[in-house]
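Visitor: sequence first, predicted model second:
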Amino acid sequence: MVAGPGEPRREEGGAALEPGPLLTALDATGEAIDARARVIAWALGEVGEQDPRKYFGMCAPQYLADGRDHSRDTSWCGIFVLSALRAAGVVGPDWTWATGLGFVNREDPAGKRWMPCTALPQAPGDVVVFGAPTWHHAIVHSWGNGRVYTVDGNTLPAPREGVATRSRPLAAYGYYSLARLLGEAP
């Protein structure tokens, strides 16, 4: 069973995680809260064993073109995060994955980053990147008590593939805010 926002979630092995409250940011129309809730709901709906080719098909179809299963030789955590943003309507089909480039550093025509990096999460649905050398991407569900609660693709022990919830210290390479994409910030 997948826990909804604010409910206890289960990490691999069944240990209950107690997420912090689901924090929200509203714009004048209420759309930002809906978009952030859609990101989290979609990601939580994916928890469990999954065929990563689903996410490759959504955001990295170039990896499927030769007919090989690249989910075994290509980390797909960022592809999963980008799939959640696309499924929730936060980004369009022109946002695709490129190994080495990812998607978080995209700029608008004026050179402004669409997803600016911050030291701490700004709101649920933001993207967290954990440091070198693996550069693991995840979706922020909530945070509190010095911990960040995330939904992560590419996390089940081999040879299984899937999506899981995690809890880690807040320290990370960076948190990429959806605020500019959602019209919450200029």
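Guide: Alright, I've got the coordinates.
Visitor: which element follows the longest helix along the chain toward the C-terminus?
Guide: Scanning the chain for the helix with the most residues, using DSSP state H, yields helix 31-45. Where DSSP states H and E defines the elements, the next helix or strand beyond helix 31-45 is strand 48-49.
Visitor: now that following strand: how far from the chain's centre is it?
Guide: Chain-centre distance of strand 48-49: 16 Å, with CA atoms, centre = their mean, to the nearest Å.
Visitor: run me through the strand neighbours of that strand, direction for each.
Guide: According to DSSP bridges, strand 48-49 forms sheet pairs with strand 162-169 (antiparallel).
Visitor: quick one on the thing from earlier: please name every helix or strand in contact with the longest helix of the chain.
Guide: helix 77-87, strand 136-144, strand 147-153 (3 or more CB pairs under 8 Å, 6 or more residues apart in numbering; DSSP states H and E). In this view, the C-beta of every residue, glycine as well, is placed from N, C-alpha and C.
Visitor: figure out which of these is closest to L120.
Guide: Within the helices and strands packed on helix 31-45, the stretch nearest L120 is strand 136-144; the backing value is 7.8 Å (CB to CB).
Visitor: can I assume R147 is in contact with A171?
Guide: No. Look at R147 against A171 with CB atoms under 8 Å: they stay out of range, at 10.2 Å.
Visitor: these two - which one has more neighbours?
Guide: The neighbour comparison of R147 against A171 (other CB atoms under 10 Å) goes to R147, with 17 against 11.
Visitor: burial count for the nearest residue to that one once chain neighbours are set aside?
Guide: Take R147 and drop its neighbours on the chain: the residue closest to it by CB to CB, 6 or more residues apart in numbering is S167, 5.2 Å away. Neighbour count for S167, taken as other CB under 10 Å: 18.
Visitor: ok, S167 to A60 distance?
Guide: Distance from S167 to A60, counting by CB to CB, to the nearest Å: 27 Å.
Visitor: just give me the neighbour total for the closest residue to D152 other than its chain neighbours.
Guide: Excluding its sequence neighbours, the residue lying closest to D152 (CB to CB, 6+ apart) is A138, at 4.2 Å. Using other CB under 10 Å, A138 has 29 other residues around it.
Visitor: G131 too?
Guide: Using other CB under 10 Å, G131 has 11 neighbouring residues.
Visitor: do R113 as well
Guide: Residues near R113, counting by other CB under 10 Å, number 14.
Visitor: same thing with P109?
Guide: The number of residues packed near P109 is 5, by other CB under 10 Å.
Visitor: export the helices and strands packed on helix 31-45 as TSV, with columns for mean pLDDT.
Guide: TSV is the format used below for those (pLDDT from 0 to 100):
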stretch	mean pLDDT
helix 77-87	94
strand 136-144	93
strand 147-153	95
